[in-house]
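Q: can you look at this prediction? I've put the sequence above it.
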Amino acid sequence: MSSASHTAAGTDRPAGIDPRGPRFVAAVTSVVLAVTVLTGSVWLLAFQAAVFAVSSLFGISASPYALAYRRLVRPRLAPPTDLEDPRPPRFAQTVGLVVTGVGLLLALAGVPWAVEVSGGLALIAAVLNAAFGLCLGCELYLLLARLRAA
């Protein structure tokens with residue numbers, strides 16, 4: 001379901017997404033970032049930053065990893081019991097883009113360990129989400145929303 005084209009009935013909130021999708025995305029992201037950190041590959045960091053950019057700009061459902069979830073995993077599962085607001089996971093993807101984007105720029109500028117440090121920071125967040133359902137970017141989104149409302 002595209003968060004850009006659907007809204008929840010009677011609200012201005014985007015329609016919900018299957019909450020298992022972002023955890024699958026985080027698991028794939030964890031693998032990509034683990035290989036990035038282990039190899040120090042600027043190309044893999046650039047690839048993951050591009051994936052974050054797609055999710056950030058076009059919505060979490062547009063992510064190549066989310067597409068894989070919808071086509072390969074979701075058809076084999078029971079329907080979700082509830083849906084999740086896509087805005088916090090999309091914001092989390094934006095945070096991932098900032099972290100990996102800064103690391104990519106620093107690596108291209110010749111800063112040693114930029115790939116490993118930025119990839120490692122993003123990896124920690126992705127593993128927390130994949131393994132425990134703790135989305136740090138989502139929590140930051142909710143904190144900022146509460147601060148705006150206060």
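A: Looks like it arrived, so ask away.
Q: going by C-alpha atoms from here, please, whenever you check contacts or count neighbours.
A: OK.
Q: which non-adjacent residue is nearest residue 116?
A: Closest residue to residue 116 apart from its sequence neighbours, by CA to CA, 6 or more residues apart in numbering: residue 37 at 4.7 Å.
Q: over to residue 63?
A: Residue 63 sits nearest to residue 55 (CA to CA, 6+ apart), 5.0 Å away.
Q: helices or strands up against the host helix or strand of the one you found?
A: Using DSSP states H and E, residue 55 sits in helix 42-58. Under the contact criterion of 3 or more CA pairs under 8 Å, 6 or more residues apart in numbering; DSSP states H and E, helix 42-58 touches helix 20-39, helix 87-108, helix 114-132.
Q: give me the contact list for that helix.
A: If you take CA atoms under 8 Å, 6 or more residues apart in numbering as the criterion, helix 42-58 is touched by 4, 29, 32-33, 36, 60-64, 90-91, 93-94, 96-97, 100-101, 104, 107, 115, 119.
Q: what residues sit buried inside that helix?
A: 42, 44-56 (16 or more other CA atoms under 10 Å).
Q: stretch 89-99 now?
A: 89, 90, 91, 92, 93, 94, 95, 96, 97, 98, 99.
Q: with stretch 32-40 instead?
A: 32, 33, 34, 35, 36, 37, 40.
Q: which stretches of the chain have low pLDDT?
A: 1-14 (pLDDT under 70).
Q: what's the local residue count around residue 150?
A: Residues contacting residue 150 under the criterion other CA atoms under 10 Å number 6.
Q: now do the contacts for it.
A: So residue 150 contacts nothing (CA under 8 Å, 6+ apart).
Q: any idea how far it lies from residue 143?
A: Relative to residue 143, residue 150 is positioned 11 Å away (CA to CA, to the nearest Å).
Q: same check on residue 127?
A: On the measure of CA to CA, residue 127 and residue 143 end up 21 Å apart.
Q: those two: which has the busier surroundings?
A: Between residue 127 and residue 143, counted using other CA under 10 Å, the more crowded position is residue 127 (22 against 12).
Q: check contacts around the residue nearest to residue 70 when sequence neighbours are not counted.
A: For residue 70, ignoring the flanking residues on the chain, the nearest one in space by CA to CA, 6+ apart is residue 21 at 7.8 Å. Taking CA under 8 Å, 6+ apart as the criterion, residue 21 is in contact with 66, 69, 70.
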